[in-house]
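*Asks:* have a look; sequence and predicted model below, questions after that.
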Amino acid sequence: MADNREKVEVLNRLLAAASETWGAAEAENMRSALELAAEAFWTVEAFPLKPMEEPAQQTSIFHQAKKRKRRETSGV
């Protein structure tokens with residue numbers, strides 16, 4: 001895993017949660033999987049989203065559909 005402080009913090013949170021849940025030895029056995037997960041979480045957390053880009057918000061989905069329909073009907 002890259003030597004990035006934020007990624008290490010994410011990994012440490014995952015390791016702490018795994019240790020609490022399954023014990024320190026099992027958490028250490030899962031370390032490689034948790035490192036991959038930490039990398040993925042960090043990537044998602046670092047991805048910037050502009051307003052109305054979040055696909056989980058229904059208003060943005062409807063907004064985009066309206067925008068698309070306006071473009072189709074206006075011929076642009």
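*Replies:* That came through fine.

*Asks:* please, where are all the helices along this protein?
*Replies:* Along the chain, the segments classed as helices by DSSP state H run 5-22, 24-29, 31-46, 58-74.

*Asks:* which secondary structure elements does the second one contact?
*Replies:* Helix 24-29 makes packing contacts with helix 5-22 when contacts are defined by 3 or more CB pairs under 8 Å, 6 or more residues apart in numbering; DSSP states H and E. For glycine as for every other residue, the C-beta is placed from the backbone atoms N, C-alpha and C.

*Asks:* list the buried ones in stretch 36-49?
*Replies:* Within stretch 36-49, the residues that qualify as buried by neighbour count (16 or more other CB atoms under 10 Å) are 38-39, 41-42.

*Asks:* about what we covered before: of all the helices of the chain, which one is nearest M52?
*Replies:* M52 lies closest, by CB to CB, to one member of these: helix 58-74, at 4.6 Å.

*Asks:* any idea which residue sits dead centre in this protein?
*Replies:* Closest to where the C-alpha atoms of the chain average out (CA atoms, centre = their mean) is V44, at 3.0 Å.
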